[in-house]
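S.K.: have a look; sequence and predicted model below, questions after that.
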Amino acid sequence: MSLSLRILVGYFVIVGLTGLFALMIVVREVKPSIRETIEESMVDTANLLAALASDELRDGTLAKGRFATQVRAYSQRQIDAPIWHFRKTSLDYRIYVTDAQGIVVFDSEGRAEGMDYSRWNDVARTLKGGYGARSTRTEPNDDASAVFHVAAPVLDAGRVIGVLTVAKPISKVDPIIARSENVITRYGLALVAASLALGLFVTVRLSLAVRRLQRYAREVSEGLHAEVPQSGARELNDLAQAMATMRGKLDGKQYVERYVQALTHELKSPLAAIRGASELLSEPDLPAEERARFAQNVQTQSLRMQSAIERLLLLSRLEARDSAPARLPVPLGALAEACVDARAAVAEQRGIVLDMPPAAEWPTVRGDADLLGFALGNLLDNAIDFSPVGAHVEVGFGVQGPLVMLTVRDHGPGIPDYARERIFERFFSLPRPDGSRHGSGLGLVVAREVAQLHGGQIEVDNADGGGVLARLSLPAS
C-alpha cells in the first residue's frame, strides 16, 4: 500500500468514522430530545389547567361548569399556524379529570367519563404525590401511535382532590422530528464528505511533494541537473535542502577529481606539442620558414588550451547550478540570426552557404539568451566543420505540441555507426573531413547541459538523405 493511500485510509478512519459515529448519536438523540421538550411544556399546561379546575372539582360542578365549557370550546377552535418549517392546523390536547378515587369526571372527548383510571400511571402516581406520566400506544406494534399523558394534581388547601391529565398524540410532532433528523443527517454527511475531500486534497499535495523528492533523488543519482523541489510543508523543504546539501558536498569531491582528470587529459596533447615546438625553435640553424610554422603551432595550441579551459569552466558552472536560468523572453529569430552572422565569414571562406528563414517568422521562448546562443552556436560550428565545400547548412525551427525545436542540418559525411552512442561523451571528437584538428569534445556536452537547464533536450543523428540533423527542443513560452 502506498504512503498516500495509507494516509488517506488513516484520515478516513480517524475523521470519517468518528464523524459518522457522532452523526449517528446526534440523529438518535433528536427524537427523545423533542419528546422531552414536548413533555416539559405539557407539565406546565397540566399544572395551569389543574389550578383552574380546582374550585369546580371541589364543588362537584366540573363536568357542567365553566371549565368544561371552555375546554370544549378550545377543542372546536380552527387554527392555521405556520411554525417555521411546520404548519399546525389542529389543536391536539385531550384533557380529562379524575376525582380522588381515580374515576373520570370529565373528558374533553367525552369517551371516558365514569371510567376507573386509578391504575393508569399518570393518575395513580399523581394521587400518591408523585409525578404522573405515561406513553400509551393505540396500536401495540406501532411506536408512531403513542400518546403522551402528563398529569398534575388538583389541589384544595394543599389536599389532592383529583388529577388533571393532558394527552397529546406523538404523531402530531413526527413531521418535526423527521425533518430535524433529515436536516441533521444531510448536513452531517455533507460535513463528513467535505472533511474527506479536505483529507484527500491534503493527501494528494503531500503525495506530490514526496514524489517530487523521489524524482529529485532519482535525477541526482542519474547525474542529471535537478532543481531543489519546494513544497508547502516546512519539514519536506528541510529534507529537500538537506538532500541538496548532501549532494553538493558529494558532488564537490567528485568535481575536483573529475575536472582535474579532464583538465589533465585536455592539456596533455597541446602541452606536448608546445614543448616539442619550443625545443625545435631553440635550434639556431632552423630555417625561417620552419621557425614561423612552429611558432604558429605554439599559438594554435595555446588557443586550444584556452578554449578547453573556458569550456570546462562553463560546463562546471552549469552542472553546479541549483536553479534554472533566468526566464526572460528570447526571440529565437534574432538569436539564430546573431549566431549565423557571427559565423558567416568562416563559412564563406570554406565556400559554405548558411540558410535560415526570416527572423520575424520565428517564435519566442523564455530562458537565458547567452546560454541558448552558446548551445545553438556549438551546433552550428559542428555543422560548418563537417560540411564539404559548396554545401548548404540549414538553420530552422519547428513547433511540436508544447515544444519549439531549433534545427541545424548539414550535408556532410554523417556520424559513423561506432560514434553514434559516444557523441555526448566528454572529450570525444571526430576527425574533420578536411583533415583539420579535432574539436575539444566539449561542445555538445555543454549544449546538452544548457538544454536540460531550460527543461529541453538535444538530439543529434544522421538525417535522411545524408548529413546530420541536430534538434534543440525547448518549452514554448
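M.R.: Alright, I've got the coordinates. Numbering: from 1, shown residues only.
S.K.: in terms of helices and strands, where is P329?
M.R.: strand 328-331 (DSSP states H and E).
S.K.: list the helices and strands that strand packs on?
M.R.: Strand 328-331 sits against strand 364-367, helix 369-385, with contacts defined as 3 or more CB pairs under 8 Å, 6 or more residues apart in numbering; DSSP states H and E. All C-beta spots, glycine's among them, are computed from the backbone N, C-alpha and C.
S.K.: just how off-centre is the first one within its chain?
M.R.: Chain-centre distance of strand 364-367: 28 Å, with CA atoms, centre = their mean, to the nearest Å.
S.K.: what residues of the strand holding P329 count as buried?
M.R.: By 16 or more other CB atoms under 10 Å, the buried positions in strand 328-331 come out as V330.
S.K.: and it, how far out from the chain middle?
M.R.: 31 Å.
S.K.: next up, the contacts around V389.
M.R.: V389 is in contact with 350-352, counting by CB atoms under 8 Å, 6 or more residues apart in numbering.
S.K.: from these, which is closest to G158?
M.R.: G158 lies nearest to I352 out of these, by CB to CB, at 127.1 Å.
S.K.: so the closest one touches D385, yeah?
M.R.: No: I352 is not in contact with D385 according to CB atoms under 8 Å; the separation is 9.8 Å.
S.K.: any common contacting residues for the two?
M.R.: Joint contacts of I352 and D385 (CB under 8 Å, 6+ apart) do not exist.
S.K.: tell me the spacing between the most centrally placed residue in the chain and I14.
M.R.: With distances taken as CA atoms, centre = their mean, R205 lies nearest the centre of the chain, 3.9 Å away. The spacing between R205 and I14, counted by CB to CB, to the nearest Å, is 18 Å.
S.K.: how about A63?
M.R.: Counting by CB to CB, the gap from A63 to I14 is 65 Å.
S.K.: with neighbour numbers in mind, choose between those two.
M.R.: Per other CB atoms under 10 Å, whichever of A63 and I14 has more neighbours is A63, with 15 against 11.
S.K.: quick check: domain ranges of this structure?
M.R.: 3-178, 223-323, 326-477 (automatic domain parsing).
S.K.: weakest of the ones you listed in terms of mean pLDDT?
M.R.: Among those, domain 223-323 carries the lowest mean pLDDT, a mean of 65.
S.K.: which residue ranges of the chain form helices?
M.R.: Counting by DSSP state H, one finds helices in the chain at the ranges 3-11, 17-59, 66-75, 121-127, 174-221, 234-281, 288-320, 332-349, 369-385, 443-453.
S.K.: quick one: closest of those to L155.
M.R.: Using CB to CB, these put helix 17-59 closest to L155, at 6.0 Å.
S.K.: what's the offset of the closest one from the middle of its chain?
M.R.: Distance, centroid of helix 17-59 to centroid of chain: 50 Å (CA atoms, centre = their mean).
S.K.: show me what it is packed against.
M.R.: So helix 17-59, by 3+ CB pairs under 8 Å, 6+ apart, packs with helix 66-75, strand 94-99, strand 146-156, strand 159-169, helix 174-221.
S.K.: and the angle from the shortest one to strand 146-156?
M.R.: Our comparison of strand 94-99 with strand 146-156, counting by axes from the mean of the first three to the mean of the last three CA atoms, to 10 degrees, yields an angle of 40 degrees.
S.K.: quick one: distance of strand 94-99 to the chain centre.
M.R.: Here the centre of strand 94-99 is set off from its chain's centre by 68 Å, with CA atoms, centre = their mean.
S.K.: who touches that strand?
M.R.: Outside strand 94-99, the residues touching it (CB under 8 Å, 6+ apart) are 49, 53, 57, 62, 71, 104-109, 112, 117-118, 123, 147, 154, 161-168.
S.K.: quick one: the residue nearest to the centre of the chain and L198, what's the gap?
M.R.: For R205, the distance to L198 - CB to CB - is 11 Å.
S.K.: kindly report the same for E113.
M.R.: According to CB to CB, E113 and L198 sit 64 Å apart.
S.K.: one more: G114?
M.R.: For G114 relative to L198 (CB to CB), the value is 67 Å.
S.K.: which one's more surrounded, these two?
M.R.: L198 (12 against 8).
S.K.: residue contacts, that one?
M.R.: With CB under 8 Å, 6+ apart as the criterion, no residue contacts L198.
S.K.: and stretch 55-62, what's buried?
M.R.: Those buried within stretch 55-62 under the rule 16+ other CB under 10 Å are 56-58, 62.
S.K.: need the residues you listed in TSV with distance to P433, can you?
M.R.: Putting the buried residues of stretch 55-62 into TSV (distance: CB to CB, whole Å) gives the following:
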residue	distance to P433
E56	131
L57	130
R58	134
L62	130
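S.K.: and those, which two are the farthest apart?
M.R.: Longest span within the buried residues of stretch 55-62, CB to CB: R58 and L62, 8.8 Å.
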